[in-house]
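Participant: sequence unknown, structure follows:
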């Protein structure tokens, strides 16, 4: 039922967003990629996903801190693809510091990218979804949308806010054929996390395997990383008829992190 539909996936040139975009494309969903990256590398990625899955893939370099860029991205999607059926709000940034030292510009950027951008994208796509009385909005939150951690004031505040936005969006659109849900991952093995693990190993004089184990067992009872591909599979499920009445939910995919 999803073949031929169009999805915008923000922050999808790497990591979780790319995994979700690839998974959606694999079942015939057309994709609007968005994110940072060298233009030649992004173009190669766009071509590869399109040709491998026989779907239309376009790219928007919209800056998620700029509402005007977000509106241009949605207009681009409607013009190039004809509609926006699925929105995955995935773009995110992080900064860690004790609250008394937390830079105010970092706070503003994290709130803008991790929370405000999801509001602006959602507001922009809803009229398009209402035309077809069908839409799926999936917000990639975090275990930090459910619990806190030291030094992450802006990130935790933004992800908690994203869960609130998810609930209100679901209520506002409950009878318009549009659902809105949040996925709350724990540790996800992305290239960025791999680099963090390697840096920790070097800094502490331990092996990469030890650093990886130490990182995950700080929070998760299940000593297993979530993959971007599994989050893509969860996204697909939330788009199917099986999930037609799941809305306003915050779904942990966190190895038991928030069960403690």
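Facilitator: Alright, I've got the coordinates. Everything numeric here is computed off the predicted structure, so don't read it as measured data.

Participant: all the helices of the stretch 51-200 of the chain, residue numbers only.
Facilitator: Along the stretch 51-200 of the chain, the stretches classed as helices by DSSP state H, counting those that start in this stretch are 67-81, 104-111, 117-132, 153-172, 191-204.

Participant: for the chain, which residue occupies the most central location?
Facilitator: Of all residues in the chain, the one closest to the mean position by Cα atoms, centre = their mean is residue 90, 1.9 Å from it.

Participant: work out for me the element the closest residue to residue 57 other than its chain neighbours sits within.
Facilitator: The spatially closest residue to residue 57, leaving aside those adjacent along the chain, is residue 50, at 4.1 Å (Cβ to Cβ, 6 or more residues apart in numbering). From N, CA and C alone the C-beta is placed, and that goes for glycine too. Residue 50 belongs to helix 39-53 when assigned by DSSP states H and E.

Participant: list the buried residues for that helix?
Facilitator: Across helix 39-53, burial judged by 16 or more other Cβ atoms under 10 Å covers 42, 45, 46, 49, 50, 53.

Participant: returning to that earlier point: weakest of the helices of the stretch 51-200 of the chain in terms of mean pLDDT?
Facilitator: Least confident of the helices of the stretch 51-200 of the chain, judged by mean pLDDT, is helix 191-204 with a mean of 89.

Participant: show me what that helix is packed up against.
Facilitator: helix 208-217 (3 or more Cβ pairs under 8 Å, 6 or more residues apart in numbering; DSSP states H and E).

Participant: what's the helix it packs on packed up against?
Facilitator: Packed next to helix 208-217, using 3+ Cβ pairs under 8 Å, 6+ apart, are helix 191-204.

Participant: show me which positions of the helix it packs on end up buried.
Facilitator: With burial defined by 16+ other Cβ under 10 Å, the residues of helix 191-204 counted as buried are 193, 197, 200, 201.

Participant: tell me the angle it makes with helix 208-217.
Facilitator: Counting by axes from the mean of the first three to the mean of the last three Cα atoms, to 10 degrees, helix 191-204 lies at 110 degrees to helix 208-217.

Participant: re the thing from before, now the residue nearest to the centre of the chain: phi and psi?
Facilitator: Dihedral pair for residue 90: phi -120, psi -20, per degrees, to the nearest 10.

Participant: so what's it up against?
Facilitator: Contact partners of residue 90, counting by Cβ atoms under 8 Å, 6 or more residues apart in numbering, are 9, 10, 11, 12, 16, 17, 20, 140.
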